[in-house]
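*Asks:* mind folding the following:
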Amino acid sequence: MKLTDLVPPPVVSTSEVSHVANKFPETDLPFYRKLGRTNLTVSCLGLGGGGGISSEDTLYAFDRGINYFFYSNDLHHYIYSSMSGALRQLCGRGSAVREKVVLATVTYIKSPEMALAALFDQFEELGIDYIDVLFWGWIGSNDGLALQDCLQLSPDLRGANSVYQRTIERMFGTSERLKKMGAVRYIGASFHDINLAQQWLHSPLLDVVMVRHNVAHRSAQNQVFNQLDTQEPQRPGIVTFKSTGSHTGVLWDAPLNLPQGCWRPTVPDLYRYSLSQNCVDVCLTGLTRREEVDAAIAGVQQGKLTPAEIDYLNLYGDLHRNKLKIQEVSPEQLIYRT
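*Replies:* Below is the predicted model of the structure:
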């Protein structure tokens, strides 16, 4: 039996996706796609609470078609909590739209013994029946053994009739959705160490891999994205984060000495850059208000970046990180835009 045999059909049906997709022109960058080997249908733009977006604008994002939401309640909770009211409305018990939403939550407490406590906090705060993807968060270079211990819990955590489902039922009461989905449907990990991400890329214990990726930090392309086959039905889902920021500053601020008139990418351009890469399913955003939601969606509607645009943004990222000097760039490699 395959893992996918243990889970229900996609959260958004084909007819529902077609209905919502009518809002968007057809491009080579489809707004909805399957999240790797999971049975989840996700919007290519994910919305996290790290930007402090309000519940009102979170609901606006859902109305515009975004269905992937990322929530933390044990790190920076005071920022994320501004979207919690919307998530209770969309994902709480009794919600009429729960199956249209993909709720991803994260715990940064990398301890198997604390997994139940993390789940308890999330179920209590959001009033939910189940979580679609539970991430082990912030996996750095020193966390290999801790992640291994945590992922050994995967069979007990995910799917219907799991150990943790039965425990959650005793604590919060049973429901048809909980019985059908399980307390946690899929397991993910958010990596800050690309080497560890590559090591766990093909593990049956890990359904979704989340990695930092942007124009200035591109190692995930060779070590993660290009290690996967778009046609492989059992590949993990891929989510990117930190699309717009580097330790050298925000990436929409042009690097020093970039010639006047050269293309300065907008935030939506930076999202498109990640979404134009091989096997990237979701680009997680930290949008702060509804105007940014509209701009990000409009960016996706333009389709993938061209190879020439990607090459230029690679140079732009290297200039931003001071890995390259403008004198080393030939004029024909630059793109000028008003």
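*Asks:* what's the top helix by length along the chain packed up against?
*Replies:* When the chain is parsed with DSSP state H, its longest helix is helix 307-320. When contacts are defined as 3 or more C-beta pairs under 8 Å, 6 or more residues apart in numbering; DSSP states H and E, helix 307-320 packs onto helix 267-275. For the C-beta atoms, the positions are set from N, CA and C on the backbone; glycine is no exception.
*Asks:* tabulate the CA atom coordinates of the next helix or strand after the helix it packs on in CSV.
*Replies:* Using DSSP states H and E, the next helix or strand after helix 267-275 towards the C-terminus is strand 282-285. Written as CSV, here are the backbone C-alpha positions of strand 282-285 (Å, rounded to 0.1, in the frame of the first residue of the first chain):
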residue,chain,number,x,y,z
VAL,A,282,4.5,26.8,-3.5
CYS,A,283,6.3,30.1,-2.8
LEU,A,284,5.5,31.1,0.7
THR,A,285,4.9,34.9,1.0
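*Asks:* just checking, what packs against strand 282-285?
*Replies:* Counting by 3+ C-beta pairs under 8 Å, 6+ apart, strand 282-285 packs on strand 45-48, strand 68-72, strand 237-241, helix 267-275.
*Asks:* out of these, which gets nearest to Pro30?
*Replies:* helix 267-275 (9.9 Å; C-beta to C-beta).
*Asks:* between the longest helix of the chain and helix 267-275, how big is the angle?
*Replies:* Counting by axes from the mean of the first three to the mean of the last three C-alpha atoms, to 10 degrees, helix 307-320 points 110 degrees away from the direction of helix 267-275.
*Asks:* report the buried residues of helix 307-320.
*Replies:* Using 16 or more other C-beta atoms under 10 Å as the test for burial, helix 307-320 gives 309, 312-320.
*Asks:* and stretch 317-324, end to end?
*Replies:* 9 Å (C-alpha to C-alpha, to the nearest Å).
*Asks:* run the chain-centre distance for the longest helix of the chain.
*Replies:* In terms of C-alpha atoms, centre = their mean, to the nearest Å, the centre of helix 307-320 is set 23 Å apart from its chain centre.
*Asks:* hmm, Lys34 is touching Thr41, no?
*Replies:* Yes. Between Lys34 and Thr41 there is a contact under C-beta atoms under 8 Å: 6.1 Å.
*Asks:* so for these two, which sits in the more crowded spot?
*Replies:* Thr41 (21 against 14; other C-beta atoms under 10 Å).
*Asks:* what pLDDT does that one get?
*Replies:* Looking at Thr41, its pLDDT reads 98.
*Asks:* so, low pLDDT: which residues of this structure?
*Replies:* Where the chain drops to pLDDT under 70, the residues are 1-23.
*Asks:* now do the helices in it.
*Replies:* Counting by DSSP H, the helices of the chain are 14-21, 55-64, 77-80, 84-91, 115-126, 144-151, 154-157, 163-172, 176-181, 194-199, 219-223, 267-275, 290-300, 307-320.
*Asks:* can you lay out those as TSV showing distance to Arg98?
*Replies:* Shown next, in TSV, are those (distance: least, C-beta to C-beta, whole Å):
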stretch	distance to Arg98
helix 14-21	13
helix 55-64	12
helix 77-80	20
helix 84-91	6
helix 115-126	11
helix 144-151	27
helix 154-157	20
helix 163-172	15
helix 176-181	7
helix 194-199	30
helix 219-223	32
helix 267-275	26
helix 290-300	21
helix 307-320	37
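*Asks:* which of these is buried the deepest?
*Replies:* helix 267-275 (a mean of 24; mean count of other C-beta atoms under 10 Å).
*Asks:* can you dump the C-alpha coordinates of that helix into PDB?
*Replies:* This file holds the C-alpha atoms of helix 267-275, laid out as PDB (Å, rounded to 0.1, in the frame of the first residue of the first chain):
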ATOM      1  CA  VAL A 267       8.400  41.700  -4.800                       C
ATOM      2  CA  PRO A 268       6.100  39.800  -7.200                       C
ATOM      3  CA  ASP A 269       9.000  39.400  -9.700                       C
ATOM      4  CA  LEU A 270      11.000  37.700  -6.900                       C
ATOM      5  CA  TYR A 271       8.100  35.300  -6.200                       C
ATOM      6  CA  ARG A 272       7.900  34.500  -9.900                       C
ATOM      7  CA  TYR A 273      11.700  33.800  -9.800                       C
ATOM      8  CA  SER A 274      11.200  30.900  -7.300                       C
ATOM      9  CA  LEU A 275       8.000  29.700  -9.000                       C
END
